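K.L.:
Pasting the sequence and the predicted coordinates here, then a few questions.
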Amino acid sequence: QSQFVESGGGLVQPGGSLRLSCAASGFSLDFYAIGWFRQAPGKEREGVSCISRDGNTYYSDSVKGRFTISRDNAERTVYLQMNSLKPEDTAVYYCAADAGCSLDAEYALVGYHFWGQGTQVTVSS
């Protein structure tokens, strides 16, 4: 079954860092843009970041300047480096693939593919 496997989440203090990984299982990343999305308890899923097939990057205003997305097609993995974490970054983080980048979470639910189970990020002192 083709899907992503997310990892790297955990508990971190405010101001700390985490690096999330999104590994593709059963398919190549070469033809896809990859997006990171998150969902906090009781909230709608929101787009966080996306990297296009040719490496262009996009970020939501809430994470711009703190998060960095990158991809390694040979390793079939996309990374999300998260610095200066805040309590409001607490959520389950997911990655998914589409032909192009969009951070619209409503579109993503139907337009993106290969969703994984997510990885929990908790920012708390």
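P.N.:
Perfect, I can see it now.

K.L.:
can you tell me how far the residue nearest to residue 26 when sequence neighbours are not counted sits from residue 94?
P.N.:
Leaving aside its chain neighbours, residue 26 sits nearest to residue 2 (3.9 Å; criterion: CB to CB, 6 or more residues apart in numbering). In this view, the C-beta of every residue, glycine as well, is placed from N, C-alpha and C. For residue 2, the distance to residue 94 equals 15 Å [CB to CB, to the nearest Å].

K.L.:
what about these two, which has more around it?
P.N.:
Set residue 2 next to residue 94 and count neighbours by other CB atoms under 10 Å: residue 94 wins out with 23 against 11.

K.L.:
which helices and strands sit right next to the host helix or strand of that one?
P.N.:
Applying DSSP states H and E as the criterion places residue 94 in strand 91-98. With contacts taken as 3 or more CB pairs under 8 Å, 6 or more residues apart in numbering; DSSP states H and E, strand 91-98 sits against strand 3-7, strand 18-25, strand 33-39, strand 77-82, helix 105-111, strand 119-123.

K.L.:
how about the lowest-mean-pLDDT helix or strand in the chain: buried residues?
P.N.:
Taking mean pLDDT, DSSP states H and E as the measure, the helix or strand of the chain with the lowest value is helix 105-111, at a mean of 90. Residues of helix 105-111 classed as buried: 105, 108 (neighbour count, 16 or more other CB atoms under 10 Å).

K.L.:
from here on, count from 4
P.N.:
Sure, I'll start numbering at 4, so the last one becomes helix 108-114.
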